[in-house]
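Enquirer: Let's see this in three dimensions:
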Amino acid sequence: MPFSFKPTQAEPNVKAEAEVKVATPATVTIPVFSTNANRIQVPPSPVGGMPLNEREEPDKISFFRILLYVILGILVFSAIALFGYQRYLISSIDSQKKNLDEKDNTVGSINLEQMRSLSNRIKVVSQVLNEHTSVNTAFILLEKSIENPITYKSFELTKNILTKNYDLKITGTAPSYKSIAQQIDTFNRDEFKKDYISAIDYENPSLDTASGRINFSLKMAVLILGKLPEDSFPKSKEIVDVETTGTTTIPNATSSVPIKASTTPN
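Expert: Numbers count the residues shown, from 1 in each chain. The predicted structure follows:
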């Protein structure tokens with residue numbers, strides 16, 4: 001017996017609806033809760049990576065910028081000034097060189113032999129001046145050192161070859177031995193002993209019975225070699241006058257007895 005089955009037309013629709021339901025997933029709705037209390041605020045990112053609280057104020061930036069410009073201007077001005085001064089020095093040096101060259105050309109060369117001859121002459125003149133002896137220097141020494149109570153009778157100045165200086169011998173009379181001692185103390189003063197008199201010898205004291213005075217003689221080494229009268233005792237304004245006969249007088253003495261000067265070497 002034949003069997004046949006025809007499905008109904010409603011089944012495909014059911015299956016299609018089931019497929020539609022399976023293919024289309026269900027929409028899940030998630031509720032959104034918005035609360036201001038739990039909101040996190042993220043600060044905006046600073047420009048250049050520097051925090052806002054560390055940024056310099058506009059006034060400070062302008063001040064440092066002005067200071068930088070001032071320093072730069074000073075440096076530029078100094079460089080220009082140094083350059084100008086350098087040019088001035090170079091010009092001055094060139095001018096001096098030119099003047100020296102002109103003077104060298106005008107003066108010319110000097111003979112070496114002439115220079116040596118002139119040097120030898122200068123040495124000879126210097127030696128003569130150093131060995132020159134002026135009798136007036138010894139007179140000035142006596143004028144400054146003779147005491148009033150003493151009267152001098154003779155004056156003898158001789159050249160000492162051993163010491164290369166001069167020996168001075170003077171003879172005179174004094175009213176007492178105290179006056180002679182006073183005269184020797186005067187010769188031993190620093191102003192005479194230091195530069196003019198090196199040693200003093202007291203010789204031949206004797207009593208003059210007729211006048212009651214004491215005769216004596218003093219011998220001393222005087223350092224007058226190379227000393228000019230104008231260089232001796234510069235404060236002195238009076239110079240002893242020497243007569244043409246070779247005699248002189250001592251103004252400070254009690255009497256104007258001529259004193260003979262002799263420069264005969266020993």
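
Enquirer: mean confidence score for stretch 142-161?
Expert: Averaged over stretch 142-161, pLDDT sits at 80.

Enquirer: residues of it that come out buried?
Expert: For stretch 142-161, the neighbour count (16 or more other CB atoms under 10 Å) marks 142-147, 149-153, 155-157 as buried. C-betas here are computed from N, CA, C, even on glycine.

Enquirer: Reformat these as JSON lines; add distance to Ile197 and secondary structure.
Expert: As requested, these are exported to JSON lines (distance: CB to CB, whole Å; DSSP: H, G, I helix; E, B strand; the rest coil):
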{"residue": "Leu142", "distance to Ile197": "11", "secondary structure": "helix"}
{"residue": "Glu143", "distance to Ile197": "14", "secondary structure": "helix"}
{"residue": "Lys144", "distance to Ile197": "11", "secondary structure": "helix"}
{"residue": "Ser145", "distance to Ile197": "8", "secondary structure": "helix"}
{"residue": "Ile146", "distance to Ile197": "13", "secondary structure": "coil"}
{"residue": "Glu147", "distance to Ile197": "15", "secondary structure": "coil"}
{"residue": "Pro149", "distance to Ile197": "20", "secondary structure": "coil"}
{"residue": "Ile150", "distance to Ile197": "16", "secondary structure": "coil"}
{"residue": "Thr151", "distance to Ile197": "21", "secondary structure": "strand"}
{"residue": "Tyr152", "distance to Ile197": "16", "secondary structure": "strand"}
{"residue": "Lys153", "distance to Ile197": "20", "secondary structure": "strand"}
{"residue": "Phe155", "distance to Ile197": "15", "secondary structure": "strand"}
{"residue": "Glu156", "distance to Ile197": "16", "secondary structure": "strand"}
{"residue": "Leu157", "distance to Ile197": "13", "secondary structure": "strand"}
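
Enquirer: Which pair of these spans the longest distance?
Expert: Maximum pairwise distance among those (CB to CB): 23.8 Å, between Pro149 and Leu157.

Enquirer: neighbours around Leu118, how many?
Expert: Look at Leu118: counted by other CB atoms under 10 Å, it has 11 neighbours.

Enquirer: would you turn the buried residues of stretch 142-161 into CSV with distance to Ala181?
Expert: Output for those, formatted as CSV (distance: CB to CB, whole Å):
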residue, distance to Ala181
Leu142, 18
Glu143, 21
Lys144, 19
Ser145, 14
Ile146, 15
Glu147, 10
Pro149, 11
Ile150, 11
Thr151, 16
Tyr152, 16
Lys153, 19
Phe155, 21
Glu156, 22
Leu157, 24
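
Enquirer: Tell me the one among those residues nearest to Ser95.
Expert: Lys144 (58.2 Å).

Enquirer: Spell out, range by range, the helices that occur in the stretch 51-200 of the chain.
Expert: 58-107, 112-131, 135-145, 177-187, 190-193 (DSSP state H, counting those that start in this stretch).

Enquirer: could I get those as JSON lines with distance to Ala221?
Expert: JSON lines is the format used below for these (distance: least, CB to CB, whole Å):
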{"stretch": "helix 58-107", "distance to Ala221": "50"}
{"stretch": "helix 112-131", "distance to Ala221": "17"}
{"stretch": "helix 135-145", "distance to Ala221": "12"}
{"stretch": "helix 177-187", "distance to Ala221": "11"}
{"stretch": "helix 190-193", "distance to Ala221": "11"}
